[in-house]
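In: Whatever this is, show me its structure:
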Amino acid sequence: MVSEYVQSDQFRGARVHLCDLAGLEIRDCEVSGLKIVDCYGGDVSLGGDFERVVVNDVDVTAYVEAELDRRHPARVLAREATSPEDYRAAWDAIEKLWSATLERAKLLPEAELHKQVDGEWSFVETHRHLLFASDAWLGNAVLEEDSPYHPLGFPAGGMPPEEAAKLGLTLDATPTLEEVLSPRLARMAVMRRVVDGLTAAELDRVCGRKPADPYPEQEYVVRRCLKVVLKEEAEHHRYAVRDLAVLEAGRQ
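Out: Take a look at the predicted model:
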């Protein structure tokens, strides 16, 4: 049975020496200052939001970011958006990407879209998460809707189940893709209307709410909240097409 450690700080500042860590998985953790020294293995994978990554004394951060930008131009549009026109251009690109990818995904049997590739979210779970992200950062923070959270929304792994329940989320739901796409596409249409009507003044407006209770108490500006939606869409599209390729290859 695999050992699992959740919300623990017992490894903070620890030193692991002469141990067999084959197959070790570290997920949704704070890893600032993590060092792997004089280790060996045939297959090592890193994924996440890292400010700086050094491999064998070579800083590969810029190379990795440049390569990701080359493969996924929408992430550049999302990251660098500053003007209302930039936000519209980024959303244009994201809408086109998802339109094509959804057509591609629908060629697979429904069961395939619920499969997790290497422990990542399934295609359906990805859309549940993007639904939650836009509900929180757009519906709640920017628009201050009375009931912004759809029950099928799926938050990041770090949100405690009890906090998700307070938002009315049904984490253990097993909806079909079409059931998720109904509220998901409706929320995307709301984002379309918002970016179409954006002004410079609106981008700098301070929101009256934070995205959700678990988020810290601080100032949230419209431009920041909308950029979170853009970046979530761009990055999770990258993950989705990566995993779709694996699912498609498995059926050949």
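In: quick one, phi/psi of Met159?
Out: Backbone torsions of Met159, given as degrees, to the nearest 10, read phi -80, psi 120.
In: I'd assumed Pro214 was in contact with it.
Out: Yes. Between Met159 and Pro214 there is a contact under Cβ atoms under 8 Å: 5.5 Å. In this view, the C-beta of every residue, glycine as well, is placed from N, C-alpha and C.
In: ranges for the strands of the stretch 101-250 of the chain?
Out: Using DSSP state E, counting those that start in this stretch, no strands are found in the stretch 101-250 of the chain.
In: The protein: helices as residue ranges?
Out: Using DSSP state H, the helices of the chain run over 61-71, 73-80, 84-105, 123-134, 161-166, 177-196, 200-203, 222-250.
In: Could you point out which of these sits nearest Val142?
Out: helix 222-250 (5.1 Å; Cβ to Cβ).
In: Buried deepest among the helices of the chain, which one?
Out: Compared across the helices of the chain, helix 123-134 shows the largest average neighbour count, a mean of 24 (mean count of other Cβ atoms under 10 Å).
In: got the angle for it vs helix 84-105?
Out: With axes from the mean of the first three to the mean of the last three Cα atoms, to 10 degrees defining the directions, helix 123-134 sits at 160 degrees from helix 84-105.
In: which helices and strands does helix 123-134 pack with?
Out: The contact analysis (3 or more Cβ pairs under 8 Å, 6 or more residues apart in numbering; DSSP states H and E) places helix 123-134 against helix 177-196, helix 222-250.
In: would you put the C-alpha positions of stretch 103-121 in PDB?
Out: Taking Å, rounded to 0.1, in the frame of the first residue of the first chain, the C-alpha atoms of stretch 103-121 are listed here in PDB:
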ATOM      1  CA  GLU A 103     -14.300  18.600 -31.100                       C
ATOM      2  CA  ARG A 104     -11.300  16.400 -30.800                       C
ATOM      3  CA  ALA A 105     -12.200  15.100 -27.400                       C
ATOM      4  CA  LYS A 106     -15.800  14.200 -28.500                       C
ATOM      5  CA  LEU A 107     -14.400  11.700 -30.900                       C
ATOM      6  CA  LEU A 108     -13.300   9.500 -27.900                       C
ATOM      7  CA  PRO A 109     -15.800   7.400 -25.900                       C
ATOM      8  CA  GLU A 110     -17.200   9.100 -22.800                       C
ATOM      9  CA  ALA A 111     -15.300   6.700 -20.500                       C
ATOM     10  CA  GLU A 112     -11.900   7.800 -21.900                       C
ATOM     11  CA  LEU A 113     -12.700  11.400 -20.900                       C
ATOM     12  CA  HIS A 114     -13.000  10.300 -17.300                       C
ATOM     13  CA  LYS A 115      -9.600   8.600 -17.300                       C
ATOM     14  CA  GLN A 116      -6.700  10.100 -15.400                       C
ATOM     15  CA  VAL A 117      -3.300  10.100 -17.300                       C
ATOM     16  CA  ASP A 118      -0.400   9.700 -14.900                       C
ATOM     17  CA  GLY A 119      -2.500  10.800 -11.900                       C
ATOM     18  CA  GLU A 120      -3.500  14.100 -13.500                       C
ATOM     19  CA  TRP A 121      -7.100  15.400 -13.800                       C
END
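In: residues contacting Val222?
Out: Val142, Glu202, Leu203, Asp204, Arg205, Val206, Cys207 (Cβ atoms under 8 Å, 6 or more residues apart in numbering).
In: For my notes, please list these in JSON lines and give pLDDT for each entry.
Out: As requested, those are exported to JSON lines (pLDDT from 0 to 100):
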{"residue": "Val142", "pLDDT": "98"}
{"residue": "Glu202", "pLDDT": "98"}
{"residue": "Leu203", "pLDDT": "98"}
{"residue": "Asp204", "pLDDT": "97"}
{"residue": "Arg205", "pLDDT": "98"}
{"residue": "Val206", "pLDDT": "98"}
{"residue": "Cys207", "pLDDT": "97"}
